[in-house]
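Trainee: Just to be clear, the model below is a prediction. Sequence and coordinates:
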Amino acid sequence: MALTKLNITTAEDGCVHLLQVTDTHLFADEQTGLLGVNTNASFQAVLNDIKNDNIRFDYILATGDLSQDHSKASYQRFAENIAQLQRPCVWLPGNHDMQANMQTLEQHGVLGAKQLISEHWQVLMLDTQVEGSPHGMMSQQQIDELKQALSEYPDKHVLIAMHHQAIPVGSKWLDQHNLKNASQFFEVIADFPNVRGVVFGHVHQNYEFQFDGVAFIATPSTCIQFLPLSANFALDHQQPGWRYLQLTPEGRIATRLRRLSERSFLPDPKSKGY
Ligand SMILES: Nc1ncnc2c1ncn2[C@@H]1O[C@@H]2COP(=O)(O)O[C@H]2[C@H]1O
Ligand SMILES: [Fe+2]
């Protein structure tokens, strides 16, 4: 098996311009909230914020936990809402997703491609889901497909997207739900110094760390946020956000994080988890 390919545009400036949205946690019922935040409303507010921003982007990466209740209706809502941005969107699964119903995304225009090829870069959308468990794992098939994709274009820079954190973010409760076989992942990419970055979701916070020449970048959820560096489950009052990524011809990743400016999505501070 090989990853499904898609040729993507390189802009006039030689860069690939991307946007990341993650962990929308949508429900079939648009009034339902997660720990007191209406996830449909916060996603819509993020989309409005993106529309009000003048930044150029050509593709959207949706990095998992798109649904909280697994329903086809929640995936349909994701697809219909992301279409407001009028750019192709690709998806990968998070621990809360159900892949059987996630196919609904593709029926409504979200693309299933997992290997995006441009002039100077390839972007890989990997599956680290263990259905029913919060932690991540890269299957042997994904590892083989990753190796195959990296070997296919040794001269292109590589950005890898996945849901789970391959390196700890410093919160004990959250790092127990990490990518369990991260060492196998690191063994693979060790042979490919052209891997420039790994973007992920799952940790519901901003995170940027350079490790072994690779940029590890996480993006806030479009709904609730976790407090960074907390040993136990704790929510943050930071607002929902999204990320812009510019991949330059030289292999640099320039990135900008945006959050909603108004403090309008505040979770119930007494929540102990979900
Ligand atoms: N109090 C908690 N302790 C440990 N894990 C939790 C707690 N609450 C939620 N989780 C899980 O941790 C996950 C982290 O982000 P997710 O959105 O994947 O969904 C969360 C839940 O599956
Ligand atoms: Fe999540």
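Mentor: That came through fine. Numbering: from 1, shown residues only. Ligands and ions are numbered 1, 2, ... in the order given.
Trainee: buried set for stretch 211-227?
Mentor: 214-227 (16 or more other CB atoms under 10 Å). In this view, the C-beta of every residue, glycine as well, is placed from N, C-alpha and C.
Trainee: can that stretch be found next to ligand 2?
Mentor: No. Stretch 211-227 is not in contact with ligand 2 by CB under 5 Å from the ion; minimum separation 5.9 Å.
Trainee: Pull the number of nearby residues for residue 79.
Mentor: Residues contacting residue 79 under the criterion other CB atoms under 10 Å number 20.
Trainee: got it, and residue 49?
Mentor: 19.
Trainee: all strands of the stretch 101-250 of the chain, in order?
Mentor: Along the stretch 101-250 of the chain, counting by DSSP state E, counting those that start in this stretch, strands occupy 115-117, 121-125, 157-161, 195-200, 207-211, 214-218, 225-226, 235-236, 241-247.
Trainee: so how far is the third one off the chain centroid?
Mentor: So the one you mean is strand 157-161. Offset of strand 157-161 from its chain centre (CA atoms, centre = their mean, to the nearest Å): 12 Å.
Trainee: orientation of that strand relative to strand 195-200 in degrees?
Mentor: Calculated by axes from the mean of the first three to the mean of the last three CA atoms, to 10 degrees, strand 157-161 forms an angle of 20 degrees with strand 195-200.
Trainee: Can you list the strands that strand 157-161 pairs with?
Mentor: Applying DSSP bridges, strand 157-161 is found paired with strand 121-125 (parallel), strand 195-200 (parallel).
Trainee: what subset of the buried residues of stretch 211-227 is also close to ligand 1?
Mentor: Among these, no residue sits close to ligand 1 (CB under 6 Å from any ligand atom).
Trainee: got the contact list for the closest residue to ligand 2 within the stretch 51-200 of the chain?
Mentor: Nearest residue of the stretch 51-200 of the chain to ligand 2: residue 65, at 3.5 Å (CB to the ion). With contact taken as CB atoms under 8 Å, 6 or more residues apart in numbering, residue 65 is in contact with 22, 23, 24, 25, 94, 95, 96, 97, 163, 201, 202, 221.
Trainee: That'll do, ta.
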